[in-house]
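In: give me a 3D structure for the following:
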Amino acid sequence: MKKKTYVKFRYRESNNKLKIGILAGVGALLILLLAMIAFGQLADPQTYIKQAESDTYTKYFFTREECRYIFPEGSCVVDDKYCDLNSYDYQVIELEPHEKYCKAGTIVYTKPAENNKPVIVAKPTDGKCEFIVNEGETVQLQPEGYDPDPEIGPAGKLVWTFYPPFDNKGVWKTSKGDAGITESKIKLSDGELYDLRTFCVEVLSTNDAPRLSPLDDIN
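Out: Numbers count the residues shown, from 1 in each chain. Presented below is the predicted three-dimensional model:
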């Protein structure tokens, strides 16, 4: 009888140890899951982003160091999209605690500066050519233009380009046979973008009617 009692007692003890082991394993798993969530491994990225009430261009999100827990390196989620932090012009205004092991910066996004093309000032012509000259006269271009954002784009001054029949200084000396309407172009560039305009020159013929010489002048 003692042997049977002893065996039964050992069985109950083993069963209790098994239950305790299972409970301990489940508890350890829960602790591991909580730890992973605390470090952002299983956290929903959207829970760490909120829209600021004062400025629609202000976002709250992880710092670069904390992003690495749940996002690709060097990026965060903004408006449900992955964004490369290096592609934005941003300024950190303040840091504040946000969730465990995380800090969020208040980031003000500004629109990247865009280079706009220079502008050639065109004068109204009422449908006529910009220049009307006689054969043999010289046309000198003196165009006007400006750069709307000189601080943006390649360094250097604006460059004018003249097209034939004008030379590189914007000069065309007409001659006999140039009568008619001639089209040309002019370009203003800031080194990256440019404005291109087409204009015309009307050259009037200077061909005079033939004259009869006096009869006594004819040999």
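
In: bridging residues for L196?
Out: Beta bridges link L196 to K187 when assigned by DSSP bridges.

In: what's around it, how many residues?
Out: 13 (other C-beta atoms under 10 Å). C-beta: built from backbone N, CA, C; applies to glycine.

In: for G27, see how far away it is.
Out: The gap separating L196 from G27 is 75 Å, by C-beta to C-beta, to the nearest Å.

In: same check on F162?
Out: 84 Å.

In: quick one, which of those two is more surrounded?
Out: F162 (18 against 10).

In: spit out the contact partners of the residue nearest to that one when sequence neighbours are not counted.
Out: Computed as C-beta to C-beta, 6 or more residues apart in numbering, the closest residue to F162 that is not its neighbour in sequence is G170, at 4.7 Å. By C-beta atoms under 8 Å, 6 or more residues apart in numbering, the contact set of G170 is 140-143, 160, 162, 186.

In: try F166
Out: If you count contacts by C-beta under 8 Å, 6+ apart, then F166 has 139, 141, 172, 184 around it.

In: just among those, which is most surrounded?
Out: W172 (22 neighbours).

In: could you look up the SS state of that one?
Out: strand (DSSP: H, G, I helix; E, B strand; the rest coil).

In: again, but for G27
Out: Assignment for G27 (three-state DSSP): helix.

In: relative to G145, how far out is it?
Out: Taken as C-beta to C-beta, the span from G27 to G145 is 76 Å.

In: equivalent analysis for L188, please.
Out: From L188 to G145 the distance is 4 Å (C-beta to C-beta).

In: find residues that contact each of these two.
Out: 118-120, 158, 160, 195.

In: and which of the residues you listed is nearest D149?
Out: P118 (9.4 Å; C-beta to C-beta).

In: wait, what's in contact with that closest one?
Out: P118 touches 145-148, 158, 188-190, 193-195, counting by C-beta under 8 Å, 6+ apart.

In: got the phi/psi numbers for it?
Out: The phi/psi pair for P118 (degrees, to the nearest 10) reads phi -70, psi 170.

In: what does the pLDDT read for it?
Out: At P118, the model reports a pLDDT of 91.

In: make 11 the first number, not 1, from now on.
Out: In the new count, where the first residue is 11, that last one comes out as P128.

In: correct me, but E147 touches T184?
Out: Yes - between E147 and T184 there is a contact under C-beta atoms under 8 Å: 5.8 Å.

In: comparing those two, which shows the higher neighbour count?
Out: Set E147 next to T184 and count neighbours by other C-beta under 10 Å: T184 wins out with 21 against 16.

In: residues contacting that one?
Out: Counted by C-beta under 8 Å, 6+ apart, T184 has contacts 143-149, 213.

In: which pair in the shared contacts of L198 and G155 spans the largest distance?
Out: Pairwise over the shared contacts of L198 and G155, using C-beta to C-beta, the maximum falls at V129 and W170, 12.9 Å.

In: now tell me what touches stretch 134-147 from outside.
Out: Under C-beta under 8 Å, 6+ apart, the answer for stretch 134-147 is 133, 149, 183-189, 191, 209-217.

In: buried among the residues you listed? Make that a ChimeraX selection.
Out: Restricted to buried positions by 16 or more other C-beta atoms under 10 Å, the ChimeraX selection for those reads:
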select :149,184,188,209,211,213
